[in-house]
Structures are given as structure tokens and as C-alpha cells.
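Colleague: My questions are about this predicted structure, shown below with the sequence.
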Amino acid sequence: MPCHKVTDDVNLPDSVCRDTDEEAVLAVLRIDLRPGKARRSDQAGDAEVAHGFTQAGATGGMTSDKSPSHQTNNGDKALHKPEHMWQQIHWRLMPQTPVGRAIVSATQRLDDAGSSTPNLDAQVILAHVLQVERSWLFAHYDYELTQDEAERYSDAVARRAAAEPVAYIVGKKEFYGLELLVDRRVLAPRPETEMLVDAVLDWIERRPGRAVTVADIGTGSGAIALAVAANCPDVTVYATDVSQEALTVAASNIACLDARDQVRLVQGDLLASLPEKVDIIVANLPYIRSDDFPGLQADVRDYEPKLALEAGPEGLDLIERLLAQLPAYLKPGGAAFLEIGHDQREAVLALAERLLPGAHDVAVREDYHGRDRLLIIGF
Ligand SMILES: C[S@@+](CC[C@H](N)C(=O)[O-])C[C@H]1O[C@@H](n2cnc3c(N)ncnc32)[C@H](O)[C@@H]1O
């Protein structure tokens, strides 16, 4: 059967119909021409039609690193889309599409939309829709989607094509072996932040027998606090955030994952509301420069909380204030572990030297990709 298109003399890109061979119907594609709606009114030549997505659609790349090094890399396809595109493409799967074909078609759709991981996205989203493990898909390529499943998969793929992070679509993100609930109220925890947890656990391990108190500043989903607690039965962790919305998400995760009741939530600005001095302060605070924010990838810039990302002209507003507060909130012999941007080494070392004359050990550690990532301060 043919690929269904409702068009007004639009030449479709070849890729749109790639799946429509004689054996199966995979997708219904509709293109709405709405020059008055998404098009800028100051542009002449309304008849111009280009292939791609509306401005409300996929305009950016889709990796999720909040590191500045990835901020402006939107991927070639997305970068080269003219600003005035105003078509809307509706990709819909037909009921009874087999799993294997559904993944192929969704992958193509997401690839066209600019995802850097279209196949993985298509699989993870389908596994979520079907409420199965991803591995189940590979053993059930012939399973035919019901109408409801095809609808929900089509809707979810459309969200991804509009640059929404997969973590928000499926409502969860794995971090340090824990499955955390996430939504737009919190940053989706990043794999590189696991390095912060490694460093904290390493510090604790070197001091056996000591009852350790940790503060995770800017806890977001609670990722770092919960990972530390899960791996150290005797540790108490204060998880703080200035955002009440973030703390609501963290509270849900604590309810599910804090089996030993080790994590205490505290709302407040940086260290101000900590109820006591602690041994370790760990923080993945915002560190994006204000000027870099508009150039962030669309899935980060348009979906994740700005409060979790931007930190003033040099991206150091929060880190600088935190460093200044450290001596008042750390116990003697304590330590601080801060995630930093890959190009902030010199700046944070200078700040530490100026603000923390009492620190005896200040170092920047690289991540597993060889990029500066972690500021460690020992007292
Ligand atoms: C980059 S996110 C990190 C979230 C989480 N720790 C993680 O690694 O996934 C930064 C967090 O800092 C919080 N934040 C921003 N400004 C803050 C402040 N002045 N005091 C405390 N938390 C703050 C944000 O609400 C956000 O949850």
C-alpha cells in the first residue's frame, strides 16, 4: 500500500517514503501548509516551501550533555535548516505495524529530525510504550502494535522529533544504577556526573569507621545524594535545592530509593539552610555562561530548567558563591567536590586560590573523555 500524503504540491524528501515498499504500510505522513501560522509575517514569498520541520518542531540536535563544549553543536541537518521553514509533518504509525518495522520507521523519522541517536531513541521509546525491556523488542520483531500502541508510539516519537529529551518522554533516567523519576522540573542526570559520586565514595572509603555527613547542593532529582546513600549505609546526606519543584521530584525519588532513610531534603540557597557542618560538600551546580545559553542544543535549552543550567557571564556565579561559603560549612578535614565546565579549569583554580587560603589540596580532575570536569578541594 502507498505512503499516505496529504500535500499541496510539496516535493517530499526521498526519506519520507523510504519505508513504503510493497509489503507494508508503515507510516502516515501529513504535511500541513500553514503559512500564516508559523511563518514570520515579515517574510515575503509565502509560497516558498522547504523540506523539514516547523520552527516548533525539530530545530536542534539531541545530545544531552550540558557541557559547554556541546552547546552549539546542533548537528548538520538541524543547523542547515532555513529559519523560515513552516511545514508541519505528522508522522503516524498504522496499527498492526510489526515492532521491527516500527523501529525502522521511527528511526528514520528521528534521524530526519536531527537526533544523534535515532535508533536508540526509537527503541527506548517503544519499550516504554509497550512496558517491556528493550531486549524484549529484539525477540519480538514480528509483534504487531495495536491501534492504541501505535497511537501512543506515534505521539511519543513526535515529542522526540520536537527535541524533547527521551528521559522526559519515558519519565525516568538511570544514574549510578538507580532508576530516577525525572520530568521537566529537574535536569536529567548526566553520565559524567557519576564521576562526582565515584570521587565522594572514594573519599569515604579511605576513612573507614568515620560517621560521615554529606551535603549534595543543587540536588535536582536527588541523583547524587541517592547514589551516595545507596553505596554507604552509614552516611547521612542532606540534599538541598533552591527550587521547590526540583525538591518535589527529589522527594518522589527518595520515597522510592532511600531504603535506609538516609537522605534529608532541605530547601535553600546554596549552603545557607544546612542545619549543621558536614564532612563532604558535593555539587553539580549550573555552570553555563549566559551568552552560551541561547546556543545550547534544543533538547537542553528548550526543555531543561534554565535554573539548572545558566550561571552568569562566566558561568561561575554559583560556584564562586559556594566556594566562598565552604569554610563556614565544612568540618575540619572535610572536602568539596564540584562539577565544572570543561574550559573552566583556570578560572576555578584562581577562585579557589583567592577565596580558600585555608585549603591545603586543590585539584582539577579530568573525566573519562579527558576533559576537565571535577574540582576537588581538601581542608
Ligand atoms: C545542573 S543541576 C544538577 C542537578 C543534579 N544534582 C544532577 O547532577 O543531576 C543544578 C541544580 O542546582 C539547583 N540550583 C540552582 N541555583 C541554586 C542555588 N542558588 N542554591 C541551590 N540550588 C540551586 C537547580 O535548581 C538544579 O536543580
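Modeller: Perfect, thanks for sending it.
Colleague: contacting residues around the helix or strand encompassing Ala199?
Modeller: Assigning secondary structure by DSSP states H and E places Ala199 in helix 194-205. With contact meaning C-beta atoms under 8 Å, 6 or more residues apart in numbering, helix 194-205 is reached by 175-176, 210, 212, 214, 224, 227-228, 231-232, 235, 280, 282, 284, 335, 337, 339, 365, 367-368, 373-374, 376. Any C-beta I mention is one placed from the backbone N, CA and C, and that applies to glycine too.
Colleague: 6 Å instead?
Modeller: Outside of helix 194-205, the residues within contact range by C-beta atoms under 6 Å, 6 or more residues apart in numbering are 176, 212, 224, 227-228, 231-232, 280, 282, 335, 337, 339, 367, 374.
Colleague: do that helix and the ligand meet?
Modeller: No: shown here: helix 194-205 not in contact with the ligand (C-beta under 6 Å from any ligand atom), separated by at least 7.5 Å.
Colleague: How about that helix, which residues are buried there?
Modeller: By neighbour count on 16 or more other C-beta atoms under 10 Å, the buried set for helix 194-205 is 194-197, 199-201, 203-204.
Colleague: again, but for stretch 121-132
Modeller: Using 16+ other C-beta under 10 Å as the test for burial, stretch 121-132 gives 121-130.
Colleague: avg pLDDT for the helix holding Ala199?
Modeller: The average pLDDT for helix 194-205 rounds to 97.
Colleague: Residues of this protein that sit close to the ligand?
Modeller: Counting by C-beta under 6 Å from any ligand atom, the residues of the chain close to the ligand are 186-187, 189, 193, 217-221, 223-224, 240-243, 246, 269-270, 284-286, 307-308, 318.
Colleague: one more time with 5 Å, if that's ok
Modeller: 187, 189, 193, 218, 220, 223, 241-243, 246, 269-270, 284, 307-308 (C-beta under 5 Å from any ligand atom).
Colleague: circling back to that earlier point, in the contacts of helix 194-205, which residue is surrounded by the most others?
Modeller: Using other C-beta atoms under 10 Å as the neighbour test, the contacts of helix 194-205 are led by Ile224, with 29 neighbours.
Colleague: Contacts for the biggest strand by length in the chain, please.
Modeller: When the chain is scanned for its longest strand (criterion: DSSP state E), the result is strand 330-339. Strand 330-339 has contacts (C-beta under 6 Å, 6+ apart) with 196, 199-200, 203, 277, 279-284, 326, 375-379.
Colleague: For that strand, buried residues please.
Modeller: For strand 330-339, the neighbour count (16+ other C-beta under 10 Å) marks 330, 334-339 as buried.
Colleague: Just the ones in strands from the contacts of strand 330-339, please.
Modeller: Using DSSP E, the contacts of strand 330-339 in strands are 279-283, 375-378.
Colleague: nearest to the ligand, of the residues you listed?
Modeller: Nearest to the ligand among the ones in strands among the contacts of strand 330-339: Ala283, at 7.4 Å, using C-beta to the nearest ligand atom.
Colleague: What values do phi and psi take at the closest residue to Leu130 other than its chain neighbours?
Modeller: If the residues on either side of it in the chain are set aside, Leu130 comes closest to Glu149, at 6.4 Å by C-beta to C-beta, 6 or more residues apart in numbering. Per-residue torsions, Glu149: phi -60, psi -40 (degrees, to the nearest 10).
Colleague: go on, Phe175?
Modeller: Per degrees, to the nearest 10, the backbone of Phe175 is at phi -140, psi 120.
Colleague: That one: neighbour count?
Modeller: 23.
Colleague: tell me the pLDDT at it?
Modeller: Reading off the confidence values, Phe175 has pLDDT 98.
Colleague: I'd guessed it sits against Pro189; true?
Modeller: Yes: using C-beta atoms under 6 Å, Phe175 is in contact with Pro189, at 4.1 Å.
Colleague: Please give me every residue in contact with Ile169.
Modeller: With C-beta under 6 Å, 6+ apart, Ile169 has these contacts: 156, 159.
Colleague: Fine, thanks again, bye for now.
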